[in-house]
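Asker: When you get a sec, could you give me coordinates for this:
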Amino acid sequence: METIKFLAIVEVSIPKAKLDDIESWGEDITGETYIASVIKDHVADKGLLCKLDVIEGEVYSEVKEYAYEVLNNKAVEELEKEILEAKNCIGGTCED
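Answerer: This is a model prediction of the structure:
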């Protein structure tokens, strides 16, 4: 089955009091693990699969900009590869 992949860049905010409460549940529960669990559960409930990392920090804009840069670079690389590996020659004559 063919699948189409998407990248979601999400910034999640939690009030400090809520985070303190979450972290009091157990030593292995952090803001990161809680957010990852909420996202994975919701995605799974909709029949979708995901890979994710949750990292504390205020870098949404930078990460989003970098993601677009990476996607653009991949598109250019694929276009360059397609051009360099082209088997068709203009006018039927190829010169190496």
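Asker: And the average pLDDT for the longest helix belonging to the chain is what?
Answerer: Scanning the chain for the helix with the most residues, using DSSP state H, yields helix 60-84. Average pLDDT, helix 60-84: 91.
Asker: who's in contact with it?
Answerer: The contact list for helix 60-84, computed with CB atoms under 8 Å, 6 or more residues apart in numbering, reads 7, 9, 11. For the C-beta atoms, the positions are set from N, CA and C on the backbone; glycine is no exception.
Asker: quick one: which of the residues you listed sit in helices?
Answerer: Using DSSP H, none of these sit in helices.
Asker: Please indicate which of the residues you listed are buried?
Answerer: Neighbour counting by 16 or more other CB atoms under 10 Å classes none of the contacts of helix 60-84 as buried.
Asker: Export the residues you listed as TSV, with columns for pLDDT and distance to residue 23.
Answerer: Listed next are the contacts of helix 60-84 as TSV, based on pLDDT from 0 to 100; distance: CB to CB, whole Å:
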residue	pLDDT	distance to residue 23
7	91	28
9	93	25
11	95	20
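Asker: Understood, closing this out.
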